[in-house]
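*Asks:* coordinates only, sequence not included:
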């Protein structure tokens, strides 16, 4: 069948469910939670411990939330993927029951029918789209938030990955993110103290970029050129593209970081963790771009030991690499120069004019965050990350009191998202690696006068 052009109003859609149905599913989440909470009160009345009741409510809430997000795709799926990198910050009694569901959000989602796939390809590549391929597999190899990937052979014989956007994705993405923004308080049930509002706002701000595969193709081409013939990383080249179809060279992978998190040996966790960190920290220097979607499904493990990187829909443009102020602030923090750290935060806009905060308080607040850069080899872990989350969300001067006084300047929004997401993935991997050395080699402003 042939799909109509949905660029203007997305009147035709094959996203799962009608617009009303999608909204109804999301709207039902707080209703379901209210029912579970009421049931929890009843259990407390018959003597069940409060923590056990809370855990039960959280577990059931998580099951419903991630089930609905995974089924709906669109903004719901994208939000679920973004949230999944923080799984390591959740308590074991909560993370265990639905860790598998989170991993599924990172790597898979329901697929659209072959007839719809053919319609999109005809719409985007023309009536004789099949002539561009020697073969095309109708069964998708991956399905994510706004599109799915098929394996094919290009007319010149190259194996390719064909990324196809779901018809109606634009409308669904915008609608889902608006609805999720209204429900943001509900998600705090999963991890009290984890504020998802900035994450939702950042996702909303970048909707248009991620919907245009032509922009993604341009970013991917820059990365591919920067990492051409690299012995450690593989970025697939762009073969062809339209606004809704992206054809890339095929990566023959053995899995993704999600599989390493689930079943990898410690040796593999350490290797992949170091590769992952080096790519994210080093790519702005090499390419002028920062890969801004660091969830594990975007990093593919290759049999020859290399790490493949895909999905460049979200990037930060850093023409001169990371701002040197980041490395400088980190260096001052390690040296214990609280005055320099506080002044540097003011200069960069992290502390607004008129806000009073003692250097000693700032030093105590940031010290644990810089710990990975103070030792030759640091071991990230779920316990370490949970301790940091509990510390910064605790009441008092060194916790929430300080966090409320720290501002996040707009130019640091994506950088912050990537770094926090990357720390979540490294903690899931429980990787041990020379992160101090990585920062010295790749982060501007850090190596100068850092004690060896």
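*Replies:* The structure has been received and is ready for your questions. Treat the numbers as computed from the prediction; the structure is a model and nothing was measured.

*Asks:* got the domain boundaries for this structure?
*Replies:* Following the assignment in automatic domain parsing, the chain carries domains at 1-211, 324-442.

*Asks:* Between its first and last residues, what's the separation in the last one?
*Replies:* The reference is to domain 324-442. End-to-end distance of domain 324-442 (Cα to Cα, to the nearest Å): 11 Å.

*Asks:* okay, and for the stretch 101-250 of the chain, where does confidence drop off?
*Replies:* 101-110, 144-145, 176-208 (pLDDT under 70).

*Asks:* quick one: the strands in it?
*Replies:* 133-136, 142-143, 147-154, 159-165, 233-234, 238-241, 245-249 (DSSP state E, counting those that start in this stretch).

*Asks:* Would you reformat the ones you listed as a markdown table and include mean neighbour count and distance to residue 392?
*Replies:* C-beta: built from backbone N, CA, C; applies to glycine. Converted to a markdown table, the strands of the stretch 101-250 of the chain look like this (neighbours: other Cβ atoms under 10 Å; distance: least, Cβ to Cβ, whole Å):
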| stretch | mean neighbour count | distance to residue 392 |
| --- | --- | --- |
| strand 133-136 | 16 | 49 |
| strand 142-143 | 19 | 35 |
| strand 147-154 | 20 | 35 |
| strand 159-165 | 22 | 37 |
| strand 233-234 | 21 | 33 |
| strand 238-241 | 19 | 40 |
| strand 245-249 | 23 | 38 |
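
*Asks:* so can I have JSON lines of the ones you listed showing distance to residue 377?
*Replies:* Below are the strands of the stretch 101-250 of the chain laid out as JSON lines (distance: least, Cβ to Cβ, whole Å):
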{"stretch": "strand 133-136", "distance to residue 377": "47"}
{"stretch": "strand 142-143", "distance to residue 377": "34"}
{"stretch": "strand 147-154", "distance to residue 377": "36"}
{"stretch": "strand 159-165", "distance to residue 377": "36"}
{"stretch": "strand 233-234", "distance to residue 377": "22"}
{"stretch": "strand 238-241", "distance to residue 377": "37"}
{"stretch": "strand 245-249", "distance to residue 377": "35"}
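
*Asks:* What residues does residue 140 make contact with?
*Replies:* 111, 117, 148-150 (Cβ atoms under 8 Å, 6 or more residues apart in numbering).

*Asks:* Tell me what the closest residue to it other than its chain neighbours is bridged to.
*Replies:* Spatial nearest neighbour of residue 140, excluding adjacent residues (Cβ to Cβ, 6 or more residues apart in numbering): residue 148 at 4.3 Å. Per DSSP bridges, the residues bridged to residue 148 are residue 143, residue 164.

*Asks:* For residue 245, see how far away residue 148 is.
*Replies:* 11 Å (Cβ to Cβ, to the nearest Å).

*Asks:* for residue 350, same thing?
*Replies:* Counting by Cβ to Cβ, the gap from residue 350 to residue 245 is 41 Å.

*Asks:* Same question for residue 325.
*Replies:* Residue 325 is 40 Å from residue 245, by Cβ to Cβ.

*Asks:* now residue 134
*Replies:* 17 Å.

*Asks:* same check, this time on residue 356
*Replies:* 54 Å.

*Asks:* Please report how far the closest residue to residue 434 other than its chain neighbours lies from residue 432.
*Replies:* Distances taken as Cβ to Cβ, 6+ apart put residue 377 closest to residue 434, at 5.5 Å, once the chain neighbours are dropped. Distance, residue 377 to residue 432, by Cβ to Cβ: 6 Å.

*Asks:* Between the two, which is the more surrounded one?
*Replies:* residue 432 (17 against 13; other Cβ atoms under 10 Å).

*Asks:* number of nearby residues for the residue nearest to residue 230 when sequence neighbours are not counted?
*Replies:* Once flanking residues are discounted, residue 230 sits nearest to residue 306: 7.9 Å by Cβ to Cβ, 6+ apart. By the criterion of other Cβ under 10 Å, residue 306 has 17 neighbours.

*Asks:* which two in the contacts of residue 140 are spaced the farthest apart?
*Replies:* 117 and 149 (10.8 Å; Cβ to Cβ).

*Asks:* any residues in contact with both of the two?
*Replies:* Joint contacts of residue 117 and residue 149 (Cβ under 8 Å, 6+ apart) are 140, 164.

*Asks:* residues in contact with stretch 341-360?
*Replies:* By Cβ under 8 Å, 6+ apart, stretch 341-360 touches 323, 325, 328-329, 332-333, 338-339, 362-363, 366, 402, 405-409, 412.

*Asks:* For it, buried residues please.
*Replies:* Residues of stretch 341-360 classed as buried by neighbour count (16 or more other Cβ atoms under 10 Å): 341-345, 348, 350-351, 357.

*Asks:* Then stretch 123-132?
*Replies:* 123-125, 129, 132.

*Asks:* which residues does residue 216 contact?
*Replies:* Residue 216 touches 210, 241, 246, 311-313, counting by Cβ under 8 Å, 6+ apart.

*Asks:* so which of those residues would you say is closest to residue 287?
*Replies:* Nearest member of the contacts of residue 216 to residue 287, counting by Cβ to Cβ, is residue 312, at 10.2 Å.

*Asks:* Give me the number of neighbouring residues for the closest one.
*Replies:* The burial count for residue 312: 28, using other Cβ under 10 Å.

*Asks:* SS state for it?
*Replies:* Secondary structure assignment for residue 312 (DSSP: H, G, I helix; E, B strand; the rest coil): coil.

*Asks:* in terms of contact, does it touch residue 223 like I think?
*Replies:* Yes - judged on Cβ atoms under 8 Å, residue 312 makes contact with residue 223 at a distance of 6.1 Å.

*Asks:* So for these two, which residues contact both of them?
*Replies:* Common neighbours of residue 312 and residue 223 (Cβ under 8 Å, 6+ apart) are 289, 291.

*Asks:* about what we covered before: residues that sit against both of residue 148 and residue 245, list them.
*Replies:* Joint contacts of residue 148 and residue 245 (Cβ under 8 Å, 6+ apart) are 163-164.

*Asks:* hmm, back to that, against residue 170, how distant is the residue nearest to residue 140?
*Replies:* 16 Å.

*Asks:* Check residue 258 too.
*Replies:* From residue 258 over to residue 170 (counting by Cβ to Cβ), the distance is 27 Å.

*Asks:* what's the answer for residue 209, then?
*Replies:* Distance from residue 209 to residue 170, by Cβ to Cβ: 12 Å.
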